[in-house]
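In: Provide a 3D model corresponding to the input given below.
(4 chains)
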Number of protein chains: 2
Amino acid sequence: MSFPQKHHRHEDCTSSAKARLDERAKKSGRRVTDNLKCVFSILLSDHRAIGVYDIAAVSAEYGKSLQPVQIYRALDTLMALGCAHRVESANAYLACRAQGECTAPQIMICTDCKRVAEMENETVRAALDDATHANGFVLQNQHVELLGLCPDCSSNASQPMHH
Amino acid sequence: MSFPQKHHRHEDCTSSAKARLDERAKKSGRRVTDNLKCVFSILLSDHRAIGVYDIAAVSAEYGKSLQPVQIYRALDTLMALGCAHRVESANAYLACRAQGECTAPQIMICTDCKRVAEMENETVRAALDDATHANGFVLQNQHVELLGLCPDCSSNASQPMHH
DNA sequence: GCCAAAGTGTAACTTTATTACACATGGTTG
DNA sequence: CAACCATGTGTAATAAAGTTACACTTTGGC
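Out: Down below sits the predicted model:
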């Protein structure tokens, strides 16, 4: 999924993500508990990656104060269901907005406004497969994190938006 | 640089890396101090990524006990000179063995023996440029970390080598 | 109603990284 | 040569990120 349009219907992108969580949890016999809902809601509230201790702070403001370990548990579940990703280079976590399965996304991170977008590009994947295979390497998984400027920030270099 | 051959001349790969460090430090007006040498030697001693606190432990064994902050300073310098990379997904650091400039490597990490190899593949880079550009994203930097099995471990799945 | 699997809450703790600050070194420029 | 300044050092404390342990609770199926 690309960078959100300025006027994208965040309501819709949020509710469809929640629907996918419900569906996948059901399929794998997991419960969508209050803690899970709380953490996922916080992740979904922004198109930026957020750290565990920030999630904790927000959860406290919401009256449901979660401890780090509880958040890590929720994140483990969300990631196992493909509903969240870890952004390695930021020690932070991200709600997945992709429609289908999204096991090996390439993640674009705006160095200016910090917003994040995912994609699963076939050409990139094929190039990685080929390049690793040429080195005799059997590719199993990938972390691809791309830093740069999102459309809004690159076209408004002097007056970046969405801060 | 691909995975090291079983009998690669580690002596040579180490000494040429040290030569590059000397050259680049000179060019940028930095000193190659004892602390820097110590940290780089420890990084070069293995083709695996190593954490800062492990570097600290090894440095203590070598009689030059370095504190974390001193090691982070050395790593910052080494990374600024392109002589070391951070492996985000492992919170660990790696000596760079590439001959030339190596600003945006793709890193292959063996999930079995933990050895790491770098490459700078043009096709991958082009695919990433194209894919990000198609999303209106201006690519500035990349973290590409690829998990899988190195040649030795994939061909000896039952009896992995180099542990 | 009982059981096992899954989930919760709390506390302590480990690992990874940073800040602050006073001091040392080494090359260059007047 | 000596004053200067950028670069580097050493020590301590602290912040940020992630894990372990353990006793307890909830839920769905039999």
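
In: got the contact list for the spatially most central residue of chain A?
Out: The residue lying closest to the centre of chain A (CA atoms, centre = their mean) is A:Leu94, at 2.7 Å. With contact taken as CB atoms under 8 Å, 6 or more residues apart in numbering or on different chains, A:Leu94 is in contact with A:Leu43, A:Arg48, A:Ala49, A:Ile50, A:Ala84, A:His85, A:Arg86, A:Val87, A:Ile107, A:Val116, A:Glu118. For the C-beta atoms, the positions are set from N, CA and C on the backbone; glycine is no exception.

In: just A:Ser28 next, same as before
Out: By CB under 8 Å, 6+ apart, the residues touching A:Ser28 are A:Ala80, A:Leu81.

In: swap in A:Leu149?
Out: Taking CB under 8 Å, 6+ apart, we find A:Leu149 in contact with A:Cys110, A:Thr111, A:Asp112, A:Ala157, B:Phe137, B:Val138, B:Gln140.

In: ok, these vs DNA strand C, which is closest?
Out: The shortest approach to DNA strand C among the contacts of A:Leu149 belongs to A:Thr111, at 15.6 Å (CB to the nearest atom of the strand).

In: Please state the backbone phi and psi of that closest one?
Out: Dihedral angles phi and psi of A:Thr111 (degrees, to the nearest 10) take the values phi -70, psi -10.

In: Give me the pLDDT value at it.
Out: In this prediction, A:Thr111 carries a pLDDT score of 96.

In: Same check on A:Ser155?
Out: 88.

In: Do a quick rundown of the strands in chain A.
Out: A:84-87, A:92-95, A:106-110, A:116-119, A:138-149 (DSSP state E).

In: can you put those strands in TSV and add distance to A:Ser15?
Out: As requested, the strands of chain A are exported to TSV (distance: least, CB to CB, whole Å):
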stretch	distance to A:Ser15
strand A:84-87	16
strand A:92-95	12
strand A:106-110	23
strand A:116-119	18
strand A:138-149	27
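
In: all helices for chain A, in order.
Out: For chain A, applying DSSP state H gives helices covering A:10-27, A:34-44, A:52-61, A:68-80, A:122-134, A:151-155.

In: Out of those helices, flag the one nearest B:Asn35.
Out: Nearest of the helices of chain A to B:Asn35, taken as CB to CB: helix A:52-61 at 31.6 Å.

In: touching DNA strand C at all, that closest one?
Out: No. Helix A:52-61 lies out of reach of DNA strand C by CB under 7 Å from any atom of the strand, never closer than 10.2 Å.

In: Please name every helix or strand in contact with that helix.
Out: Packing contacts for helix A:52-61, counted by 3 or more CB pairs under 8 Å, 6 or more residues apart in numbering or on different chains; DSSP states H and E, involve helix A:34-44, helix A:68-80.

In: Can you say which of the contacts of A:Leu149 are buried?
Out: A:Cys110, A:Asp112, B:Phe137, B:Val138 (16 or more other CB atoms under 10 Å in any protein chain shown).

In: Taking those residues together, which two end up most distant?
Out: A:Asp112 and B:Phe137 (11.6 Å).

In: any low-confidence regions in chain A?
Out: A:1, A:5-6, A:157-163 (pLDDT under 70).

In: Go again with 90.
Out: Along chain A, segments meeting pLDDT under 90 span A:1-13, A:62-63, A:101, A:103, A:155-163.

In: who in it is up against DNA strand D?
Out: So far as CB under 7 Å from any atom of the strand goes, chain A lies against DNA strand D at A:Arg31, A:Gly51, A:Val52, A:Tyr53, A:Asp54, A:Pro68, A:Val69, A:Tyr72, A:Asn91, A:Ala92.

In: separation between the fourth one and chain B?
Out: Counting by CB to the nearest CB, to the nearest Å, the separation of A:Tyr53 from chain B is 17 Å.

In: That residue is in contact with A:Pro68, isn't it?
Out: Yes. Using CB atoms under 8 Å, A:Tyr53 makes contact with A:Pro68 at a distance of 6.7 Å.

In: can you pull the contacts of the residue in chain A that DNA strand C sits nearest to?
Out: Closest approach of chain A to DNA strand C (CB to the nearest atom of the strand) occurs at A:Thr33, with a separation of 3.1 Å. Not one residue lies near A:Thr33 by CB under 8 Å, 6+ apart.

In: wait, which of the contacts of A:Leu149 is closest to B:Asp152?
Out: Using CB to CB, B:Gln140 comes nearest to B:Asp152 of the contacts of A:Leu149, at 35.1 Å.

In: Quickly note the distance from that closest one to B:Ala104.
Out: 10 Å (CB to CB, to the nearest Å).
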